[in-house]
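**Student:** Need a 3D model of the sequence below.
(one chain, ligands or ions: 2)
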Amino acid sequence: MDKLIITGNGPVDGEVWASGAKNAALPILCATLLADEPVVIGNLPHLQDITTTLELLGRMGVEPVMGEKMTIQLDGSQVKDCHAPYELVKKMRASILVLGPLLAHFGHADVSLPGGCAIGSRPVDLHIRGLEAMGAEVRVENGYIRAQVDGRLNGATIFFDTVTVTGTENLLMAATLASGTTVLENAAREPEVVDLAECLIKMGARISGHGSDTILIEGVERLHGAYHDVMPDRIETGTFLVAAALSRGKVRVRSTRADILEAVLAKLEEAGARITIGDGWIELDMEGRRPRPVNIRTAPYPAFPTDMQAQFVALNAVADGTSRVVETIFENRFMHVQELNRMGAKIALEGNTAMITGVERLSGAPVMATDLRASASLVIAAMMADGETLVDRIYHIDRGYECIEEKLQLLGARIRRIPG
Ligand SMILES: CC(=O)N[C@H]1[C@@H](OP(=O)(O)OP(=O)(O)OC[C@H]2O[C@@H](n3ccc(=O)[nH]c3=O)[C@H](O)[C@@H]2O)O[C@H](CO)[C@@H](O)[C@@H]1O
Ligand SMILES: C=C(OP(=O)(O)O)C(=O)O
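**Tutor:** Numbering: from 1, shown residues only. Ligands and ions are numbered 1, 2, ... in the order given. Modelled structure (predicted):
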C-alpha cells in the first residue's frame, strides 16, 4: 500500500487547477448506458474511481475509446451483461449508479449491494423504493439487487424521505426512458445532479427543475449520442483553499467555479480569508493571519457539504479559539479526529459533534487515512505541522484526488509518495 510523507514547511503559496468532479463524472459515465449511440465525455478526472467505473462498464461489454485530454467515448448499445459484481462494487459505492440506467434501457439489472463503508451504513433503500414505484420488481438476495420490469418503467411521483444524491441520480436516469412523467420531490440539489441532468438533456432527455428540490422528467423512447464536459470539482477546489487558509498562505485555483462553493467560501471568509473571484478562478489570501475558528453544520446543498467537513476540522484545529463542527449526514464521519489528535490537535467528540480547541502548531506523526476526505484533511494538516507526517493507506485519497502530490507540490508542499 502506498504511503505519503509530508514535511511541514509553512504557508502554501501557488497556483493549481481543479480537475473534473469525481461525483459528477461517475453518474455521467453510468448515464452513457442509457444511450443507443456513443456518448463522449470530456474533462474526466484521472482517478481510481473512474478506472473502477470503466472496468465495471467493460465487464458489461462497453469498451471505452480513449481520446485526447481525458476524453472517453462509451457506447451503451454494446451492453451484453447487466451484471455489476461484488468485487467491483465493493471498491466504490457509486457503482450503484448503474442500476437505474440498466433497468430503464435493458429491462433488468443485477447489481451487488454496496454494503457499509467507513463513513456510515449508507443504505440504498430509497433507490430501490423509487424503482419499485416506477413498476420494477426488485428482489434483494445473496447480496445482490435483482431488478426487472416488463417493457418500460412507468413515470411516477416519488418523494424522498431523506435527501439523497445518488438516489436522485439513479431515479433521474431511470425516469428518462420511462413511459410518462416522473416527479422527484425532495430531490438533491447538488451541482453534480445538475451536471448529470445537463448531460442527459444533451442526450435527448426531457428534464426540468434540476437544481431545485422538484425535478420533472418526461420520459422519451430513446436517448442518442452527445458530447459533455464534466464540471469542475468543488470539493477538490475547497480542499486547496483550506490548505492555504490553515497554513496562513495564499492560493489561486484555476478551472473552477465560485458559484457552487458559496457556503464554503462564506466560512473561509469568516475564518479571516480574503477571497477574490475571477473568470474561472478563485484566490484565497490569509495575508499571514492565523485562521479564526468557524462553527460548521453539514447539510444537503446549498448548505455546507459533508465532503468538506474533515478539511474544516483540520482548519479549526489550528485556529485561534474554539469551534463546534456538527455532522448531520453520515453517522461515522469523524475518523480523522483521532488521527489529528495524534498530531497534537485538541478535539473532543460528543455524538455527531466535534468540539475543537485550536492549537498554535501541530506536530508531524504517523497517521492512518481512513476515508477519502479524512485522508485529505490529514495531508493538508501535515503541510503546516512541525516535522514529518507519514500518511498510510492513501489508496483512499487516490479515489478522489487527481495527482495529489504533484498538485500540492505546485503549492510549495514537501510531499512524496512511497510505493507500498
Ligand atoms: C458518488 C457521490 O456522489 N457521493 C456523494 C453522495 O453520496 P451518496 O449519494 O451515497 O449519499 P446520499 O446523499 O445518498 O446520503 C445522504 C444520507 O441519506 C441516507 N440514505 C441514502 C440513500 C438511501 O437509499 N437511504 C438513506 O437513508 C444516507 O445514509 C445518508 O445519511 O452524496 C454524499 C452527501 O452529499 C457525499 O458525501 C458523497 O460524496
Ligand atoms: C464520500 C465520498 O465519496 P463516495 O460517495 O464515492 O464514497 C466523497 O467524495 O467524499
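
**Student:** how about the residues of this structure near ligand 2?
**Tutor:** Listed as neighbours of ligand 2 in the chain under the rule CB under 6 Å from any ligand atom: Asn23, Arg93, Ala94, Asp307, Leu372, Arg373, Gly400. To be clear about C-beta, it is placed using only N, CA and C from the backbone, and glycine gets the same treatment.

**Student:** Not counting its neighbours along the chain, what's nearest the last one?
**Tutor:** So the one you mean is Gly400. Closest residue in space to Gly400, ignoring its immediate chain neighbours: Leu372 at 4.6 Å, by CB to CB, 6 or more residues apart in numbering.

**Student:** I'd say the one you found and Ile394 touch.
**Tutor:** No: using CB atoms under 8 Å, Leu372 is not in contact with Ile394, being 10.2 Å away.

**Student:** Return the distance of Ala187 relative to ligand 1.
**Tutor:** Distance, Ala187 to ligand 1, by CB to the nearest ligand atom, to the nearest Å: 11 Å.

**Student:** So for that residue, what's the pLDDT?
**Tutor:** Here the pLDDT value assigned to Ala187 is 98.

**Student:** again, but for Gly116
**Tutor:** Per-residue confidence at Gly116 stands at 68 (pLDDT).

**Student:** Contacts for stretch 247-258, please.
**Tutor:** Applying CB atoms under 8 Å, 6 or more residues apart in numbering, the contact partners of stretch 247-258 are 10-19, 231-234, 237, 240-241, 243-244, 265, 277, 280-291, 380, 383-384, 411-412.

**Student:** so where's this protein shaky on pLDDT?
**Tutor:** When residues are selected by pLDDT under 70, those of the chain lie in 116.

**Student:** if you set the cut-off to 90 instead, what comes out?
**Tutor:** Along the chain, segments meeting pLDDT under 90 span 1, 9-10, 68-70, 114-118, 120-121, 369, 395, 420.

**Student:** so what are the domain limits for it?
**Tutor:** What the record gives for the chain is the domain set 3-19+232-418, 22-229, from the TED database.

**Student:** follow-up on the earlier one: among the residues of the chain next to ligand 2, which are within reach of ligand 1?
**Tutor:** Near ligand 1, by the rule CB under 6 Å from any ligand atom, you find Asn23, Arg93, Ala94, Asp307 out of the residues of the chain next to ligand 2.

**Student:** Correct me if wrong: the second one contacts Gly120.
**Tutor:** No: the pair Arg93 / Gly120 is not scored as a contact, 10.6 Å apart, by CB under 8 Å.

**Student:** hmm, back to that, could I get the domains of the chain in a markdown table, plus columns for mean neighbour count?
**Tutor:** Shown next, in a markdown table, are the domains of the chain (neighbours: other CB atoms under 10 Å):
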| stretch | mean neighbour count |
| --- | --- |
| domain 3-19+232-418 | 21 |
| domain 22-229 | 20 |
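
**Student:** Just the helices from the stretch 201-350 of the chain, written as ranges.
**Tutor:** Secondary structure of the stretch 201-350 of the chain by DSSP state H, counting those that start in this stretch: the helices cover 234-246, 262-270, 309-317, 335-342.

**Student:** For ligand 1, find the nearest of these.
**Tutor:** Among the helices of the stretch 201-350 of the chain, the nearest to ligand 1 by CB to the nearest ligand atom is helix 234-246 (7.4 Å).

**Student:** how far out from the middle of the chain is that closest one?
**Tutor:** 14 Å (CA atoms, centre = their mean, to the nearest Å).

**Student:** Determine whether any part of that helix lies close to ligand 1.
**Tutor:** No: Helix 234-246 is not in contact with ligand 1 by CB under 6 Å from any ligand atom; minimum separation 7.4 Å.

**Student:** how close does the residue in the chain positioned nearest to ligand 2 get to Arg122?
**Tutor:** Closest approach between the chain and ligand 2, counting by CB to the nearest ligand atom: Asp307, at 3.9 Å. Distance of Asp307 to Arg122, computed by CB to CB, to the nearest Å: 14 Å.

**Student:** Could you do Met335 as well?
**Tutor:** According to CB to CB, Met335 stands 15 Å off from Arg122.

**Student:** circling back to that earlier point, between the helices of the stretch 201-350 of the chain, which one is nearest to Ile404?
**Tutor:** Ile404 sits nearest to helix 234-246 of all those, at 9.3 Å, using CB to CB.

**Student:** Remind me what that closest one packs against, helices and strands.
**Tutor:** Counting contacts by 3 or more CB pairs under 8 Å, 6 or more residues apart in numbering; DSSP states H and E, helix 234-246 is packed against strand 250-254, helix 262-270, strand 281-285, helix 309-317, helix 372-383.
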